[in-house]
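Asks: here is the input, now give the coordinates:
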Amino acid sequence: MSGTVGCLLIHGFAGDINDVLPLAKALREVGYQVECPTLEGHGTTRREMARSTRKDWLRSAEEGYKRLSMRSDKIVIIGFSMGGLLAFHLTTRYPVELLITINTPYKYWDVKEAMNYLREDFPTHSRRYIRSIGRIPISSMLEFRRLLSETKPLLGQIKTPYLLLQAKRDDTVHAISAQLLATSVDKSASPQITWYEHSNHMLLHGPDKEAAIAHILAALKERFPDSPVSV
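Replies: Numbers count the residues shown, from 1 in each chain. As a prediction, the model looks like this:
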């Protein structure tokens with residue numbers, strides 16, 4: 001297992017592993033160890049979602065880290081959307097070689113601002129928001145807000161090399177979040193933002209998907225040139 005690199009992929013709020021599946025497949029294909037935990041209460045029913053808390057979500061991510069660490073020497077954490085918030089918590093608790101967040105919030109989404117983003121193509125995207133509003137319990141939304149509030153004070157502790165991917169047309173997270181996150185972590189993390197012009201929040205399923213995945217693979221190859229994978 002010497003030198004083995006493992007990637008922990010954490011999906012977003014009210015989502016599931018499909019959020020990050022294209023990236024997970026690409027990482028596995030070139031030989032990285034991959035772990036994609038399903039967060040407690042996610043991917044099931046509205047009732048199960050309501051029963052889960054931010055602490056349960058963090059525990060799910062933490063258990064994923066521990067499973068991955070059993071078969072990897074070096075851990076990379078990649079968090080999509082809220083998964084990035086959980087990634088910050090893990091990075092302050094456990095050894096992490098590289099931290100990557102994708103469309104992770106600093107400023108949270110609200111209906112009024114989302115509508116401004118969606119005016120150009122509202123018929124296409126509105127259904128997703130209507131479905132989300134119907135299936136996400138208010139208690140879960142409050143848990144997300146609490147998680148965001150509890151994460152911000154931790155950012156100054158982040159010294160792990162840090163890459164941010166942010167879609168400029170993000171219709172869920174304020175795109176300025178990437179800049180706010182980059183300026184909030186410790187300078188030693190050397191945060192680097194890569195912007196994507198054409199995608200909305202689901203970056204790994206949008207028109208910039210291949211570019212985003214290629215960027216992450218290249219970053220891993222640069223960071224771990226001697227890792228036993230066939231990149």
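Asks: quick one: low-confidence ranges for this structure?
Replies: The model of the chain has pLDDT under 70 over residues 1-2, 109-134, 228-231.
Asks: center of it - which residue?
Replies: In the chain, the C-alpha nearest the mean C-alpha coordinate belongs to Phe80, at 1.7 Å (CA atoms, centre = their mean).
Asks: and it, what does it touch?
Replies: By CB atoms under 8 Å, 6 or more residues apart in numbering, the residues touching Phe80 are 9-12, 15, 19-20, 101-104, 203-204. C-beta here means a position set from N, CA and C on the backbone, and glycine is covered the same way.
Asks: which of the residues you listed are buried?
Replies: The neighbour count (16 or more other CB atoms under 10 Å) marks 9-12, 15, 19-20, 101-104, 203-204 as buried among the contacts of Phe80.
Asks: can you tell me the SS state at Trp57?
Replies: Secondary structure assignment for Trp57 (DSSP: H, G, I helix; E, B strand; the rest coil): helix.
Asks: what number of residues lie near it?
Replies: A count of neighbours around Trp57, defined by other CB atoms under 10 Å, yields 26.
Asks: now it. Nearest residue, chain neighbours left out?
Replies: Of all residues not flanking Trp57 in the chain, Leu39 sits nearest, at 4.5 Å (CB to CB, 6 or more residues apart in numbering).
Asks: Three-state assignment for the one you found, please.
Replies: coil.
Asks: ok, it touching Glu62?
Replies: No: using CB atoms under 8 Å, Leu39 makes no contact with Glu62, being 10.8 Å away.
Asks: more crowded one of these two?
Replies: Remark: of Leu39 and Glu62, Leu39 carries more neighbours, 27 against 17, as counted by other CB under 10 Å.
Asks: quick one, what contacts that one?
Replies: Counting by CB under 8 Å, 6+ apart, Leu39 has contacts Ile10, His11, Ser52, Asp56, Trp57, Ser60, Ala61, Leu86.
Asks: using TSV, lay out these together with distance to Lys152.
Replies: As requested, the contacts of Leu39 are arranged in TSV below (distance: CB to CB, whole Å):
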residue	distance to Lys152
Ile10	18
His11	21
Ser52	22
Asp56	20
Trp57	17
Ser60	21
Ala61	18
Leu86	14
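Asks: quick one: which helix or strand includes the closest residue to Glu35 other than its chain neighbours?
Replies: Spatial nearest neighbour of Glu35, excluding adjacent residues (CB to CB, 6+ apart): Leu68 at 4.0 Å. Leu68 belongs to helix 54-69 when elements are defined using DSSP states H and E.
Asks: what is that helix packed up against?
Replies: Other helices and strands packing on helix 54-69, by 3 or more CB pairs under 8 Å, 6 or more residues apart in numbering; DSSP states H and E, are strand 5-10, strand 33-35, strand 74-80, helix 82-93, helix 138-151.
Asks: go ahead and confirm Asp186 touches Ile158.
Replies: Yes: using CB under 8 Å, Asp186 is in contact with Ile158, at 5.8 Å.
Asks: dump the helix holding Leu68 to PDB, restricted to CA.
Replies: C-alpha atoms of helix 54-69 as PDB (Å, rounded to 0.1, in the frame of the first residue of the first chain):
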ATOM      1  CA  ARG A  54     -25.400  18.000  10.900                       C
ATOM      2  CA  LYS A  55     -23.600  15.900  13.400                       C
ATOM      3  CA  ASP A  56     -24.800  12.800  11.700                       C
ATOM      4  CA  TRP A  57     -23.700  14.100   8.400                       C
ATOM      5  CA  LEU A  58     -20.200  14.800   9.700                       C
ATOM      6  CA  ARG A  59     -20.100  11.400  11.300                       C
ATOM      7  CA  SER A  60     -20.900   9.800   8.000                       C
ATOM      8  CA  ALA A  61     -18.100  11.700   6.300                       C
ATOM      9  CA  GLU A  62     -15.700  10.800   9.200                       C
ATOM     10  CA  GLU A  63     -16.500   7.100   8.900                       C
ATOM     11  CA  GLY A  64     -15.800   7.400   5.200                       C
ATOM     12  CA  TYR A  65     -12.400   8.900   6.000                       C
ATOM     13  CA  LYS A  66     -11.600   6.100   8.400                       C
ATOM     14  CA  ARG A  67     -12.500   3.400   5.900                       C
ATOM     15  CA  LEU A  68     -10.400   5.000   3.200                       C
ATOM     16  CA  SER A  69      -7.400   5.400   5.600                       C
END
